[in-house]
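**Q** Pasted the sequence and its predicted model underneath.
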Amino acid sequence: MTKTTLVPTTERVVGLTRQYFESVGATVRQDGAELTVEFDGVAPPEWVGGYCDRSRLVATVADRAESETPTADSETAESETPTIGPETPFTRRLIDAAATHHPVGTATVTGVPGGAETLVPAWLRASPARVASVEFYPYYDGRVVCAWLRAAVETPSQYQRESLHAVVVDPDTGNRIDCDPTALLDAAESDAGARAVGSESDVERALVEARSHVVAELDETIEHAEDSAGRAAAAAFEEYAERQRARLSERRAERDEIEQRLATIGDRLADATGDDRVELLEERAELTDRRTELNEAVSRIETADADGFPAERERLQRRHSVAVRTRPVAVTTVAVERGDLALELVGDGGRATLDLSVGAVTGPRRTPSCPDCGSEYGPQNELRVTIAGLACADCHDG
């Protein structure tokens, strides 16, 4: 299970909190474990009213990666100083509010925070090639969409724990960008009130891609839930089948008893007269009707059993079906500079240059391929610098 499918860490929740309040026009500052939100000139969201001192909110950042589920006492205590951390009352209310009316904020990253060296992809830093020099040449402004989504894997019969995911998507390509959302937003300056970068349809397309990435990340969780639901459905089905077969045995036994009683009544009718005969005929009619009911019941159960009780199997499959639900919590379109990252590489007695299309903070937009075989470079297929130029490990070592 990847860390993004776990309960959100305090760091991730702080990032979401910052993004949410900045998207509604507030100013957010953090000093150690104290986070201050100033609502100068903007109205605080309605749900925040109980936490605000006029236009100012001060919260404490939890000092643990995960907090315990809060008690009623903690709910009361938090009404004065809210705590930001996984599953605290304040965080739950923030997520609920954001998911109901998820804000779309705007922000801008100026330049390349940390320098061009930070844009060198990890797979290249881990390769045998040495980066002798690196320069970033910005050409135009692009944008990325940073989306926070709440995901739940659940069945109608069993609720599964929710998880919080942060995904950065390139709306032009639909590709997920491998960068830390918190670092991206930390490097960005909020543009409260500015026009969103890109159209609403761009954001919606990015959200569709973000959802698909989140579902892909949840594969292991979904598989576990399906296995668990399958076992529960199988156990419930076996219990149902056993009950039906027990009923079948009872109906057959009752039918056999009625057959014996009808045979006895037939013998007695040969000599019965008057009122005795009338009573026997009435009893025989009642028993015959009951035998007909039992025959129909036995036939229904036998047929259903032979077919594998399809109606109950389908009902249980519906009851234990696994659903994956995602809801946007907060979305920010971030303007970033895009351009070429010019790299001079050294290795194996040769030198070569490599140009990567990158975005500031977000890094390479795509992974380059070996000029000889077309395979992408990566941890399993390292880039090599030879006297002849660039090659992948497969071509170089082969």
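**A** The structure has been received and is ready for your questions.

**Q** can we go C-alpha only for contacts and neighbour counts from here?
**A** Will do.

**Q** can you pull out the strands in the stretch 1-150 of the chain?
**A** 27-31, 34-38, 56-61, 83-84, 104-108, 130-154 (DSSP state E, counting those that start in this stretch).

**Q** to the chain's geometric centre, what's the distance from the third one?
**A** Pointing back at strand 56-61 there. Its chain's C-alpha centre and that of strand 56-61 lie 28 Å apart, by CA atoms, centre = their mean, to the nearest Å.

**Q** Give me the contacts around it.
**A** Strand 56-61 is contacted by residues 10, 14, 33-39, 51-52, 81-85 when judged by CA atoms under 8 Å, 6 or more residues apart in numbering.

**Q** out of the strands of the stretch 1-150 of the chain, nearest to R18?
**A** When those are compared by CA to CA, strand 27-31 sits nearest R18, at 6.3 Å.

**Q** Run a quick neighbour tally on T60.
**A** By other CA atoms under 10 Å, the residues close to T60 number 18.

**Q** which residues of the stretch 1-150 of the chain score low on pLDDT?
**A** Applying pLDDT under 70 to the stretch 1-150 of the chain flags residues 1-8, 64-80, 99, 101-103.

**Q** so which of the contacts of strand 56-61 comes closest to L356?
**A** V14 (32.4 Å).

**Q** since we're on the closest residue to the closest one other than its chain neighbours, how many residues are nearby?
**A** Excluding the flanking residues, the one nearest V14 by CA to CA, 6 or more residues apart in numbering is I84, at 6.7 Å. Neighbour count of I84, defined by other CA under 10 Å: 26.

**Q** quick one, the strand or helix carrying E204 and strand 130-154 angle?
**A** Assessed by DSSP states H and E, E204 sits inside helix 200-217. Interaxial angle, helix 200-217 versus strand 130-154 (axes from the mean of the first three to the mean of the last three CA atoms, to 10 degrees): 80 degrees.

**Q** who are the neighbours of helix 200-217, in terms of helices and strands?
**A** Applying 3 or more CA pairs under 8 Å, 6 or more residues apart in numbering; DSSP states H and E, one finds that helix 200-217 contacts strand 130-154, strand 162-169, strand 323-347.

**Q** List the buried residues in the last one.
**A** Buried residues in strand 323-347, counted by 16 or more other CA atoms under 10 Å: 326-347.

**Q** for the first one, same thing?
**A** Of all the residues in strand 130-154, those buried under the rule 16+ other CA under 10 Å are 130-131, 134, 136, 138, 142-154.

**Q** again with the shortest one
**A** Neighbour-count burial for strand 162-169, counted by 16+ other CA under 10 Å, picks out E162, S163, L164, H165, A166, V167, V168, V169.

**Q** what mean pLDDT would you report for it?
**A** Mean per-residue pLDDT for strand 162-169: 84.

**Q** and the angle for that strand with helix 200-217?
**A** Calculated by the same axes, to 10 degrees, strand 162-169 forms an angle of 130 degrees with helix 200-217.

**Q** So what touches strand 162-169?
**A** Where contact means CA under 8 Å, 6+ apart, the residues beyond strand 162-169 that reach it are 4-8, 144-153, 175-179, 181, 206, 209-210, 213-214.

**Q** avg pLDDT for the helix or strand following that strand?
**A** Later in the chain than strand 162-169, the nearest helix or strand by DSSP H and E is helix 181-187. In this model, helix 181-187 has a mean pLDDT of 77.

**Q** What is helix 181-187 packed up against?
**A** Here helix 181-187 touches helix 10-23, strand 162-169, going by 3+ CA pairs under 8 Å, 6+ apart.

**Q** What is the neighbour count of E286?
**A** Neighbourhood size, E286 [other CA under 10 Å]: 12.

**Q** any idea how far E279 is from it?
**A** Look at E286 and E279: by CA to CA, to the nearest Å, they are 11 Å apart.

**Q** Now the first helix or strand past the helix holding E204 going along the chain: average pLDDT?
**A** For helix 200-217, the succeeding helix or strand toward the C-terminus, using DSSP H and E, is helix 219-269. Across helix 219-269, pLDDT averages out at 91.

**Q** Quick check: which element contains V278?
**A** Residue-wise, V278 maps onto helix 274-307 under DSSP H and E.
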